[in-house]
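> sharing a model that was predicted from the sequence below.
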Amino acid sequence: MTSPAFSTNYANHVLVASPNPVVRQRVLDGLRSPARRFEQATGGAEALVHLESGFWQVLFIDRRLPDLNAEELSQTVRQRFPEIEVVLLDADSDAVPGTAETEGRSPELWPGQAKNGDGRSNRNEVLSQDGENRFVSAERLYGEAPLPGMIGDSPIMQKVYQLVRMLAPRNTTVLITGPTGCGKELVARAIHELSPRARRSFAVVNCAAIPETLLEAELFGYARGAFTGAMQAYAGRIQTAQGGTLFLDEIGEMPLSLQPKLLRFLEQKELQRLGSADVIRVDARVVSATNAHLLSLVREGKFREDLYYRLCGFPIEVPPLQARKEDIAQLAAHFLEKYASHLPAQQLSAGALQLLKAQYWPGNIRELQNVIERAMILSEGAAMIRPDHLMFADSGARGSRLS
């Protein structure tokens, strides 16, 4: 049965607040009839602004709001706008459209929810716009939410998010591959933050940034007096990752002479500091990253094959920005907010966004970030970023003006 309050035309004035565009669109898709007025908000504060500026009949609130507590927001709306029906969406408890919690109407159903013969509601069941029942799982509604610190809802990134969530609880070694600037370290940090090791250290070693003569000491540590200038003992990065995660960035740059010692640590979880005969056991998960093709280095004799297979317990490939251009608008908005500081928020014009999507982006997300920062400087605080504000490193000139 369906509550009389939720008639066929009930969803004529709908507002949905969620940081996930997939959720917002699927709420609209799941309505019984096309909404005559459907607005979207990416957070709770933005939703309140919409509520103040117009008449609304129903508000959908994602429990995963980035700024406000969804429960507190729903209570505020009920007090200030008692005529508005509030629906909380919760993928974690399968309370997606069809099993959403409706504030003040817990025994009743919002449009499209049906009941079984025993009075219990069918999980994940909604009505499509032609009135037919269909099932929408929590995974289909939400997709995979972005990882901590990451942005983008493109299908190719959702596969990355899914793999990371599958891997995080395990101790499997992970090899993250992808071009420079695509976010490999963010993926590594997400693996750590979603793992049982999250409260312990995340130790980072950039194998390309430390001279070969110093890398062994930096990784494995050294005893006092091990060499000239070693006035006191140093634990080393591996030992500082005890109980946590060791992230070896640019692992393809690891000197061949050091690779056997790293292999021994991976196999035995033991190390010896320079100048010491003591064996130290270290429990650290190892996550590596590279923009090089390691198997090619193996064939060239520059990387040990046994070390490669030890590091590559599970491979994750992070796609280049070129393969996820549908995320550019969201990424650009994030960088606009990041660099806004105390200035008024800026937006991209349609022409500027079109130009950004037309680029090849050899520098990937890092390059996009630089372009946005330059555009904010060139725009001199204007409310709108135009195409002529965009300056790309490959041309050294501003972007072409588009309408």
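Structure's in. What do you need?
> helices and strands around the helix ranked longest in the chain, which ones?
Secondary structure of the chain per DSSP state H: the longest helix is helix 364-379. In terms of contacts (3 or more Cβ pairs under 8 Å, 6 or more residues apart in numbering; DSSP states H and E), helix 364-379 is packed against helix 328-338, helix 350-358, strand 384-385, strand 391-392. In short, each C-beta sits where N, CA and C put it, glycine included.
> try it again at 6 Å.
Where contact means 3 or more Cβ pairs under 6 Å, 6 or more residues apart in numbering; DSSP states H and E, helix 364-379 is packed against helix 328-338.
> which parts of the stretch 201-350 of the chain are helices?
With DSSP state H, counting those that start in this stretch, the ranges of helices along the stretch 201-350 of the chain come out as 212-220, 237-240, 259-268, 294-299, 305-311, 328-338, 350-358.
> please tell me how far Val14 sits from Val87.
10 Å (Cβ to Cβ, to the nearest Å).
> find residues that contact each of the two.
Applying Cβ atoms under 6 Å, 6 or more residues apart in numbering, one finds that no residue jointly contacts Val14 and Val87.
> follow-up on the earlier one: show me what the longest helix of the chain is in contact with.
Contacts to helix 364-379, defined as Cβ under 6 Å, 6+ apart, come from residues 179, 181-183, 320-321, 331-332, 335, 339, 361, 385, 389-391.
> tell me how many other residues crowd Leu215.
21 (other Cβ atoms under 10 Å).
> so what pLDDT did it get?
Per-residue pLDDT puts Leu215 at 93.
> what's the domain layout of the protein?
Using automatic domain parsing, the domains assigned to the chain come out as 10-142, 155-317, 322-398.
> the ones you listed: lowest mean pLDDT?
domain 10-142 (a mean of 63).
> buried set for stretch 45-53?
For stretch 45-53, burial by neighbour count (16 or more other Cβ atoms under 10 Å) applies to Glu46, Ala47, Leu48, Leu51.
> out of these, which are inside helices?
Glu46, Ala47, Leu48, Leu51.
> want to throw the buried residues of stretch 45-53 into TSV with distance to Leu297?
Output for these, formatted as TSV (distance: Cβ to Cβ, whole Å):
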residue	distance to Leu297
Glu46	49
Ala47	51
Leu48	55
Leu51	58
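> show me where the stretch 151-300 of the chain has its strands.
For the stretch 151-300 of the chain, the strands defined by DSSP state E, counting those that start in this stretch cover 174-177, 202-206, 245-249, 270-271, 280-281, 285-290.
> export those strands as JSON lines, with columns for distance to Pro260 and mean neighbour count.
Shown next, in JSON lines, are those (distance: least, Cβ to Cβ, whole Å; neighbours: other Cβ atoms under 10 Å):
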{"stretch": "strand 174-177", "distance to Pro260": "18", "mean neighbour count": "24"}
{"stretch": "strand 202-206", "distance to Pro260": "17", "mean neighbour count": "19"}
{"stretch": "strand 245-249", "distance to Pro260": "15", "mean neighbour count": "24"}
{"stretch": "strand 270-271", "distance to Pro260": "12", "mean neighbour count": "16"}
{"stretch": "strand 280-281", "distance to Pro260": "18", "mean neighbour count": "14"}
{"stretch": "strand 285-290", "distance to Pro260": "15", "mean neighbour count": "26"}
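> quick revisit: looking at the domains of the chain, which is closest to Pro148?
Proximity to Pro148 (Cβ to Cβ) singles out domain 155-317 among the domains of the chain, at 5.0 Å.
> run the chain-centre distance for that closest one.
Domain 155-317 sits 22 Å away from the centroid of its parent chain (Cα atoms, centre = their mean, to the nearest Å).
> out of the ones in helices among the buried residues of stretch 45-53, who's nearest Ala292?
Of all these, Ala292 sits closest to Glu46, with 42.8 Å by Cβ to Cβ.
> next one: that closest one from Ser53, what distance?
Distance, Glu46 to Ser53, by Cβ to Cβ: 11 Å.
> ok, now Leu331?
When distance is defined by Cβ to Cβ, Leu331 is 28 Å away from Ser53.
> about what we covered before: got the domains of the chain as JSON lines, with distance to Gly149 columns?
Supplementary listing: those in JSON lines, determined by distance: least, Cβ to Cβ, whole Å:
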{"stretch": "domain 10-142", "distance to Gly149": "13"}
{"stretch": "domain 155-317", "distance to Gly149": "5"}
{"stretch": "domain 322-398", "distance to Gly149": "11"}
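> next, count neighbours for Arg78.
By the measure other Cβ under 10 Å, the count of residues near Arg78 is 16.
> same question for it, what's its three-state structure.
What DSSP: H, G, I helix; E, B strand; the rest coil gives for Arg78 is helix.
> distance of it relative to Leu311?
Computed as Cβ to Cβ, the Arg78 to Leu311 distance reads 54 Å.
> over to Gln347?
Relative to Leu311, and taking Cβ to Cβ, Gln347 is found at 43 Å.
> which one's more surrounded, these two?
Counted by other Cβ under 10 Å, Gln347 and Leu311 do not tie: Leu311 has more neighbours, with 24 against 13.
> check contacts around the more buried one.
Neighbour list for Leu311: Thr173, Leu175, Ser288 [criterion: Cβ under 6 Å, 6+ apart].
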